[in-house]
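Asks: Provide a 3D model corresponding to the input given below.
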Amino acid sequence: MEKIRTASRDLIDANIKQIARLFPTVITEITGEDGSLETAIDFDLLRQELSNSVVDGPHERYQLDWPGKRASAFTANTPTTKTLRPMRDESVNFDATKNIFIEGDNLEALKILQESYLGKIKLIYIDPPYNTGNDFVYNDDFVEAREDYLERSGQQTGAGERLISNSESRGRFHSDWLSMMYPRLKLARNLLATDGIICASIDSHEVHNLRHLGDEVFGRDNFISEVVVAANPRGRQSDSYVAGVHDSLLIWARNREMAVVGGRPLDPEQKKEFSFVDDELGNYRLLGLRQRGSASRRQDRPEMYFPIFVSPDGNEVSIDPVAGWHEVLPRKSDGSDGRWMWGKDKCRRDKNRLVARWIERRSEFDLFVKDPLVKSGAERLRKFKSIWDAKGFNNQNGTQEVKALLGGDFMSFPKPVSLMKEIILLGAPNGGIILDFFAGSGTMAEAVLRANDEDGRDRSFVVVQLDEEVPVGSAADKAGMHTIAQLSRARIRAAGKNLSDLVGGNNDLGFRAFKIDTSNRTELLRSSNDLVQQSLIDSIDSIKPDRSDEDLLFEVLLDSGLDPALPISRDPDDNSILRVDDNEVIACFAREISMRQVNDIARLNPVLAVFRDSSFKSDADRINAEQIFNEVSPETTVRTI
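Replies: Residues are numbered from 1 along each chain as shown. Now for the predicted structure:
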């Protein structure tokens, strides 16, 4: 039987395997510190494969760099031995919901989720710390000591003498923030679907750095837009010199060519434009066939400059010459040669959508395209603008929303639900999984519930919030919500109940809560390739005594790359048997297991069967269990924990 592993996905090993697939000749072996052979990359050979595309040594290059960058990149690739432990008492509809709430550090959470959600997230939204001068809550291991930082960044000598006066706050201030964000963005990129996008709210303190950082992680070619959001229309009077009114929303795609970006529904006035009716197209409007704006000159696209012929009565159009018909060319308003919006082949193929109109003031025909209201079975949308200034986007609304749900001033200026729903329309218009790993008060989670209720789409959320303590004596603290994670869960519960009262609870309004904790096993991670037992006694039963069978089940799901939101149930005839997703996974972690139980599980033909290693009384029982599966369900993978 195969043993469940102990650590999260090793990203360094995964990167080596990807390089090996592209350049198998660069893979070699070296002798490790313990004398064993280890796989390695021969960079000299890799440099030959890439020829002059490699930048090395003192060559100048365009890049974003800061003290601590290398260490933060290493942090992203280091596996974690942490896992998720279920919190049933903090959940709503635990067994059936697809929504996930995770309490704990988001860096650990992103590592834990690497395989279960790899390439599955449609929309990532983050509202990270704006770095306005407060101490970081996220104190990652790679943060340098102050003296080391000052020396490496050139602000003091090795003897401790300061070289630059009064620059400590500005230098380390930004470097720490970048070092906090970098590994999280690198891990988040792995989770995005090929058609997915990531949106990040940020203010002026770090918007420039986040733009550079996002371009590096997601690629400059995948940048979508920077949206200005009027978050404080009155202006922040506490700001120096200029009262800030806006935040920025930076948007990248996982792959710009494949990204699905939504739009806003047309308002009644915009729909009035589609006043014409066609038996085939339905309601439509007329758009000029002549290209307008940029790249509209003949020399821009010479092949799209050609004559189109119109019958004398204007009722027929032809791409080929017809005697006695009017020749129409794409002229610009200044009389110079322009070009058509469509090429000749498309004009011929969709000739039934071309309409000629006599332009009295010019005494000539012009050509138009029937532009339908409904395309591909769905009513058309309009593109989002780069300035969002609706009244509902004011952060003050977010404060009032939390107050209305929970009955107190528990959170200052969280993002409002209307803004989150706008982002959902942009990034997950047709459904999908939405990840927010700086969840705060849980606005995005509530917005997902409300958006699903309004348009009937199938969306689910995964939100992560650190168990950061609220100020002692604050309204939230007095109300029994001692951490922001507790407040966030309370807000989501209240929002779900509110919707349930309104719509009868037809949608998924629950969430499955987890907390990040140490592994359920007593094994310790010495290095990414070196797992050791604490003692011979521990090897008899390596499960920690305070862990439940559900604790073990979710660690198995995560280690196997399965979704922790899959539905689970207990066998009606044997409470010690856990079933996942219609018997895809079956687990039994009883202290002692009988061959009858093994046989019962095998007959259900699961894809994966998991047992507690110490449940088997002897090696003979383990062999018998394997034999039962070989005979009854040979396709089942059998593992132990």
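
Asks: Domain boundaries for this structure, per the record?
Replies: 9-53, 69-263+383-519, 268-379, 527-640 (automatic domain parsing).

Asks: Deepest-packed of these, please.
Replies: domain 69-263+383-519 (a mean of 19; mean count of other CB atoms under 10 Å). In this view, the C-beta of every residue, glycine as well, is placed from N, C-alpha and C.

Asks: for that domain, how far is the first residue from the last?
Replies: Across domain 69-263+383-519, the terminal residues are separated by 29 Å (CA to CA, to the nearest Å).

Asks: Use 565 as the first number from now on
Replies: Let's use 565 as the start, then, which means that last one is domain 633-827+947-1083.

Asks: top helix in the protein by residue count?
Replies: Ordering each helix of the chain by length in residues (DSSP state H) puts helix 732-755 first.

Asks: As a check, name the ranges of all helices in the stretch 865-1014 of the chain.
Replies: 908-913, 959-970, 981-991, 1007-1019 (DSSP state H, counting those that start in this stretch).

Asks: Let's have the ones you listed in CSV, adding distance to residue 664 and mean pLDDT.
Replies: Formatted as CSV, these follow (distance: least, CB to CB, whole Å; pLDDT from 0 to 100):
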stretch, distance to residue 664, mean pLDDT
helix 908-913, 46, 95
helix 959-970, 20, 93
helix 981-991, 17, 97
helix 1007-1019, 10, 96
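
Asks: just so I know, which of those helices lies nearest residue 672?
Replies: helix 1007-1019 (19.6 Å; CB to CB).

Asks: still on that earlier bit, out of the helices of the stretch 865-1014 of the chain, nearest to residue 829?
Replies: helix 981-991 (8.5 Å).

Asks: what residues does the closest one touch?
Replies: For helix 981-991, contacts defined as CB atoms under 8 Å, 6 or more residues apart in numbering pick out 686-687, 689, 760-761, 763, 793, 813, 815, 825-828, 948, 952, 954, 956-957, 961-962, 965, 998, 1007-1008, 1010-1012, 1014-1015, 1018, 1023.

Asks: tell me which element residue 1120 is part of?
Replies: Taking DSSP states H and E as the definition, residue 1120 sits inside helix 1113-1123.

Asks: Give the other helices and strands that that helix contacts.
Replies: strand 647-650, strand 1141-1144, strand 1149-1152, strand 1172-1175 (3 or more CB pairs under 8 Å, 6 or more residues apart in numbering; DSSP states H and E).

Asks: Which among those is found nearest to residue 638?
Replies: strand 647-650 (22.0 Å).

Asks: Next secondary structure after the helix holding residue 1120?
Replies: strand 1132-1134.

Asks: counting contacts, what elements does that following strand pack onto?
Replies: strand 1141-1144.

Asks: what sits up against the strand it packs on?
Replies: 1113-1114, 1117, 1121, 1126, 1130-1135, 1149-1153, 1161, 1164-1165, 1168.

Asks: Surely residue 1084 is in contact with residue 1114?
Replies: No: using CB atoms under 8 Å, residue 1084 is not in contact with residue 1114, being 10.3 Å away.

Asks: how about the helices of the stretch 565-714 of the chain, start to end?
Replies: Under DSSP H, counting those that start in this stretch, the stretch 565-714 of the chain gives helices at 575-586, 607-614, 633-641, 670-676, 710-716.

Asks: So for residue 861, which of these sits nearest?
Replies: Nearest of the helices of the stretch 565-714 of the chain (CB to CB): helix 607-614, 39.6 Å.

Asks: pLDDT of that closest one, averaged?
Replies: For helix 607-614, mean pLDDT is 68.

Asks: same deal with stretch 820-829?
Replies: For stretch 820-829, the per-residue pLDDT averages 93.

Asks: tell me how far that stretch is from the chain's mean position?
Replies: Remark: stretch 820-829 is offset 15 Å from the chain centroid, using CA atoms, centre = their mean, to the nearest Å.

Asks: what helix or strand does residue 1190 sit in?
Replies: Using DSSP H and E, residue 1190 falls in helix 1183-1196.

Asks: ok, and what's touching that helix?
Replies: Counting by CB under 8 Å, 6+ apart, 565, 1157, 1159, 1162, 1163, 1166, 1167, 1173, 1175, 1180, 1200, 1202 sit against helix 1183-1196.

Asks: From what I see, residue 918 and residue 930 are in contact.
Replies: No: between residue 918 and residue 930 there is no contact under CB under 8 Å: 11.1 Å.

Asks: Now for these two: what residues contact both?
Replies: residue 853.

Asks: which residue of this structure sits farthest from its center?
Replies: residue 888 (60.3 Å; CA atoms, centre = their mean).

Asks: Skipping its backbone neighbours, what lies nearest it in space?
Replies: residue 876 (6.7 Å; CB to CB, 6 or more residues apart in numbering).

Asks: mind saving the C-alpha coords of the helix holding residue 1120 as CSV?
Replies: Taking Å, rounded to 0.1, in the frame of the first residue of the first chain, the C-alpha atoms of helix 1113-1123 are listed here in CSV:
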residue,chain,number,x,y,z
ASP,A,1113,-11.2,11.0,11.3
GLU,A,1114,-12.5,14.1,9.4
ASP,A,1115,-9.1,15.8,10.1
LEU,A,1116,-7.4,12.8,8.5
LEU,A,1117,-9.9,12.7,5.6
PHE,A,1118,-9.3,16.3,4.5
GLU,A,1119,-5.5,15.9,4.7
VAL,A,1120,-5.9,12.9,2.4
LEU,A,1121,-8.0,14.9,-0.1
LEU,A,1122,-5.5,17.7,-0.1
ASP,A,1123,-2.5,15.4,-0.4
